[in-house]
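Novice: how would this look folded up:
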Amino acid sequence: MKKLDFDFIPLGISIILILVSLVVIATSNYALSLKHYIGIGCVVLSIYFYIKNRMTYYVLYGLTLLIGIFGLLDFYYSTFKVGFGSFGINPILAGLLILHIALVYQIVDKLDR
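Specialist: A predicted model of the protein is given here:
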């Protein structure tokens, strides 16, 4: 029996956040900006690479989250920032990045053995 890899958890959470955003947009008067569309596109591209080439997925999704931490892209309809003045980080994407790095580290550690 094949062991399950849990590296899809951050991507699954991102997909859930995108679906919640789309439902909120459809049922209210919120509007998505260009950074939201770019973020959704990057997540869709990450889904494609998760299926086709796992190593490319690790890099692309990690870069997407890293760029999103600083507010250059987003895929959740509401943008949260924690910080001082104009500098801030997105705690949702920071948590997803930490989870992604932890899971990728475990998988890479298994490959070395």
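Novice: quick one, phi/psi of residue 79?
Specialist: Here is the backbone geometry of residue 79 (degrees, to the nearest 10): phi -100, psi 120.
Novice: Can you name the residues that contact it?
Specialist: If you count contacts by C-beta atoms under 8 Å, 6 or more residues apart in numbering, residue 79 has them with 71, 90. Every C-beta, even on glycine, is put in place using the N, C-alpha and C of the backbone.
Novice: so how far is residue 101 from it?
Specialist: Between residue 79 and residue 101 the computed distance is 22 Å (C-beta to C-beta, to the nearest Å).
Novice: which parts of the longest helix belonging to the chain are buried?
Specialist: Longest helix in the chain by number of residues (criterion: DSSP state H): helix 91-112. Neighbour counts over helix 91-112 (16 or more other C-beta atoms under 10 Å) mark 92-94, 96-97, 99-100, 103-104 as buried.
Novice: Neighbours of the closest residue to residue 104 other than its chain neighbours, how many?
Specialist: Excluding the flanking residues, the one nearest residue 104 by C-beta to C-beta, 6 or more residues apart in numbering is residue 58, at 5.2 Å. Counted with other C-beta atoms under 10 Å, the neighbours of residue 58 add up to 20.
Novice: I appreciate the help and will end here.
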